[in-house]
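Participant: have a look at this prediction, sequence included:
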Amino acid sequence: MKLTQILTKKLTSFWLVSLAAVAFVFLLCALMSFIQLTYRFQQSKVTELESMIVVHYKQHSERQLDTWLPAVLKAYHAEHFQLSLGDKVLFTYQADHPRTPYSNLNLYQHVIDADSGLSMTLAVPPPFSAYQLGWYETLILLIGLGAIGVFVRYGLRWISHELEGIEQLALRSKLILDGDINAAKSQATNGRPRLINRAISRLLDELDDAKQERGRLDQFIRSNTFLDPITNIGNRLYFDNRIDALSHDNKMVAHGVIFLLEFNDDALMDVKADIEADRIFLTQIVATISPLINEHSEVIFARKTLLQFIIVIPQLSLDEADLLADRLLRNCLLVDHHHIVNHDNYLHFGGAFYKAGDQPLLIIEEAEMALRAAQLQRINTWFMYDKGAVDHEIAKGSVRWRSFLENALVQKRFIVMTQAVLDSDNSLLHYEVFSRVKDNKNNEVRATLFIPMANKCGLMPQIERQVIEKVLFGLMQNNTLTYSVNLSMDTLTSRAFIRWIQSTLLEHRPLAARLIFEVSEDIFIKHQQHPQLAKTLTMLSKIGAKLSVDHVGKQVVGTQYIQNQDFDFVKLDRSIIRQVHERPENQLYIRSLIGGLLRSKAQVIAEGVEMFEEWQTLKILGVSAAQGPFLGDAMVWQR
């Protein structure tokens with residue numbers, strides 16, 4: 001029999017206790033009535049015996065008492081009897097084999113005839129002590145008890161079944177209050193009262209539709225704000241935000257390359273002649289370029305003007321940039337358009353290689369100069385503006401990088417840095433952990449340089465494991481602070497790392513509650529269907545660690561995945577934060593995001609805050625916390 005768990009368990013317990021109390025009172029009253037009736041029956045028999053003796057004495061005096069009185073006394077189960085006349089004993093009877101102790105006998109001492117002074121003393125056992133149940137009475141008693149048990153069990157089943165609908169309503173309500181809307185929807189829908197159950201189901205459906213509509217509205221706002229309506233890639237505003245995020249103090253933080261792709265103004269006979277054909281052509285160009293550049297991380301692809309596209313690829317060496325430019329040109333030339341007049345001279349690429357410290361505006365100007373140089377050649381071609389200044393660290397080959405990183409792992413030359421995350425009251429929320437590595441000359445190599453190479457070499461799981469070990473057994477040992485650590489896609493899907501982190505966190509359960517694991521939005525969006533990704537994140541959450549998604553805003557996507565994965569923190573990318581007090585479009589996006597997460601547990605955090613005005617604007621918009629140079633620089637942890 002299925003027992004209920006939330007509401008009806010108490011009700012059925014109360015019902016059983018009440019039934020047991022009623023049965024106990026009933027049995028107690030029946031027992032008391034039985035004892036009282038047997039005593040009264042015995043007293044009436046004694047009175048009847050007294051009358052018989054008085055009648056006999058008046059008729060025959062004390063003669064012939066021994067002829068009939070012993071048989072009567074034996075029928076009464078008398079243990080002792082004495083008939084007296086004053087001080088003279090007329091008759092005495094004593095049972096041959098007493099069965100009841102004298103102290104337990106009922107003693108009757110009465111003057112049965114006041115006129116003659118005749119008195120009697122009678123000792124008999126209690127009326128119910130000599131009574132024994134026979135097989136017939138025992139059978140009836142067992143049948144009665146069995147019937148009671150059957151009816152009680154049937155009643156319990158019946159009341160549980162009748163209240164099961166209320167139980168389901170209570171369970172659905174509890175799931176809704178706990179925020180597990182999907183589980184509440186998937187519960188059985190035969191709750192009672194059915195009207196209330198149908199109302200809850202309808203409200204859940206409407207809530208789900210409202211969430212999806214809110215997600216579509218958020219994506220619509222972002223799309224109309226940051227996306228080009230024809231090609232569905234970033235517009236000029238999107239490019240400005242992203243290029244600001246790749247720079248610090250108007251200087252690029254890493255090396256890379258910028259490409260400008262432009263169609264000649266007279267490449268198409270008449271742009272207005274066939275608008276749909278032009279739209280299809282541009283869409284096909286974008287579809288051709290996207291797979292080639294999506295192999296790299298942190299890529300910016302936007303439509304700068306009507307016939308010009310711009311591509312920024314960080315962490316790309318000069319040789320790799322040359323090969324990519326050649327592939328882009330050849331693949332784009334394969335896209336056909338019947339309005340093109342001169343097929344030999346309508347598409348040109350201009351590229352500019354940059355390194356850390358270069359100014360973004362100067363790099364774009366150099367890319368435009370390279371584009372003009374390509375156009376001057378009067379053929380479909382590309383041209384790379386090369387200043388001849390390539391960082392020697394970038395020139396390292398993959399083999400040398402692998403050797404360098406493997407030696408650093410063996411010698412444990414990876415160091416950790418922490419940056420404070422402060423809430424809106426400027427109180428410490430937690431620390432975010434960054435990593436750097438020291439080379440053979442004890443110089444620090446920045447993460448923006450070695451992480452792309454570590455990803456190429458497949459060493460990120462080992463590196464991030466060493467960083468987490470430093471956090472768990474170094475940073476966390478002498479304090480009660482919370483730390484957030486970034487995890488890459490390779491780490492999240494590495495079986496060896498998953499086994500290690502699971503066993504380590506289970507062994508140090510208190511430390512797990514002070515850890516936050518961060519996953520980039522780009523990783524989650526690209527690999528959302530990967531079964532191991534969601535499985536690993538769920539495992540970390542169940543152990544007690546918190547989850548965070550960072551770099552939110554770099555991709556123009558909906559935010560429904562944040563609630564589906566149940567993230568604890570949402571970190572806005574610095575591209576949305578930069579100059580936010582002067583960019584109403586970015587403010588609109590932040591308001592939309594916070595509104596969409598209003599009923600979730602996720603806190604919105606801004607990263608890369610550099611100015612007082614930015615932080616003040618973010619607090620007004622409702623951002624919970626922030627980090628960045630304005631609130632405190634990253635510090636190296638020394639062990």
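Facilitator: On my side now, so go ahead. From a predicted model like this one, the values you see are computed outputs, not experimental measurements.
Participant: spatially central residue for the protein, please.
Facilitator: The centre of the chain sits closest to residue 566, judged by C-alpha atoms, centre = their mean, with a distance of 5.6 Å.
Participant: surely that one touches residue 549?
Facilitator: No. Residue 566 lies out of contact with residue 549 (C-beta atoms under 8 Å); the separation is 10.8 Å. Yep, even glycine has a C-beta here, placed from its N, CA and C like the rest.
Participant: which residues of the stretch 51-200 of the chain fall in strands?
Facilitator: Assigned by DSSP state E, counting those that start in this stretch, the strands in the stretch 51-200 of the chain fall at 80-85, 88-94, 106-113, 118-124.
Participant: export these as a markdown table, with columns for distance to residue 208, mean neighbour count and mean pLDDT.
Facilitator: Converted to a markdown table, the strands of the stretch 51-200 of the chain look like this (distance: least, C-beta to C-beta, whole Å; neighbours: other C-beta atoms under 10 Å; pLDDT from 0 to 100):
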| stretch | distance to residue 208 | mean neighbour count | mean pLDDT |
| --- | --- | --- | --- |
| strand 80-85 | 90 | 18 | 85 |
| strand 88-94 | 94 | 14 | 85 |
| strand 106-113 | 80 | 14 | 82 |
| strand 118-124 | 83 | 20 | 86 |
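Participant: and of those, who's closest to residue 328?
Facilitator: Shortest distance between residue 328 and those, using C-beta to C-beta, is found for strand 106-113: 117.3 Å.
Participant: picking up where we left off before, please name the residues that touch the residue nearest to the centre of the chain.
Facilitator: Neighbouring residues of residue 566 by C-beta atoms under 8 Å, 6 or more residues apart in numbering: 541, 547, 600-601.
Participant: name the residues of the helix or strand harbouring residue 431 that are buried.
Facilitator: For residue 431, the host element (DSSP states H and E) is strand 428-438. The neighbour-count check on strand 428-438 (16 or more other C-beta atoms under 10 Å) flags 429-437 as buried.
Participant: just the C-alphas of that strand, formatted as CSV.
Facilitator: The C-alpha coordinates for strand 428-438 follow below in CSV (Å, rounded to 0.1, in the frame of the first residue of the first chain):
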residue,chain,number,x,y,z
LEU,A,428,33.6,41.1,-0.2
LEU,A,429,31.6,38.4,-2.0
HIS,A,430,34.4,36.1,-3.1
TYR,A,431,37.7,36.0,-5.0
GLU,A,432,38.2,35.0,-8.6
VAL,A,433,41.3,33.0,-9.3
PHE,A,434,43.6,33.7,-12.3
SER,A,435,46.7,31.8,-13.3
ARG,A,436,50.1,32.7,-14.8
VAL,A,437,53.2,30.6,-15.5
LYS,A,438,56.8,31.4,-15.0
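Participant: figure out how far the following helix or strand past that strand is from the centre of its chain.
Facilitator: Downstream of strand 428-438, the next assigned helix or strand under DSSP H and E is strand 444-445. Taking the mean of its C-alpha atoms, strand 444-445 sits 38 Å from the chain's own mean (C-alpha atoms, centre = their mean, to the nearest Å).
Participant: next: stretch 358-377.
Facilitator: Centre-to-centre, stretch 358-377 and its host chain are 50 Å apart (C-alpha atoms, centre = their mean).
Participant: try stretch 572-579
Facilitator: Per C-alpha atoms, centre = their mean, the centroid offset for stretch 572-579 relative to its chain is 28 Å.
Participant: export that stretch to PDB, keeping only CA atoms.
Facilitator: Taking Å, rounded to 0.1, in the frame of the first residue of the first chain, the C-alpha atoms of stretch 572-579 are listed here in PDB:
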ATOM      1  CA  LEU A 572      28.600  40.200 -17.600                       C
ATOM      2  CA  ASP A 573      31.400  40.400 -20.100                       C
ATOM      3  CA  ARG A 574      33.600  43.500 -20.100                       C
ATOM      4  CA  SER A 575      32.400  44.400 -23.600                       C
ATOM      5  CA  ILE A 576      29.000  45.200 -22.100                       C
ATOM      6  CA  ILE A 577      30.500  47.000 -19.100                       C
ATOM      7  CA  ARG A 578      32.900  49.300 -20.900                       C
ATOM      8  CA  GLN A 579      31.500  52.900 -21.000                       C
END
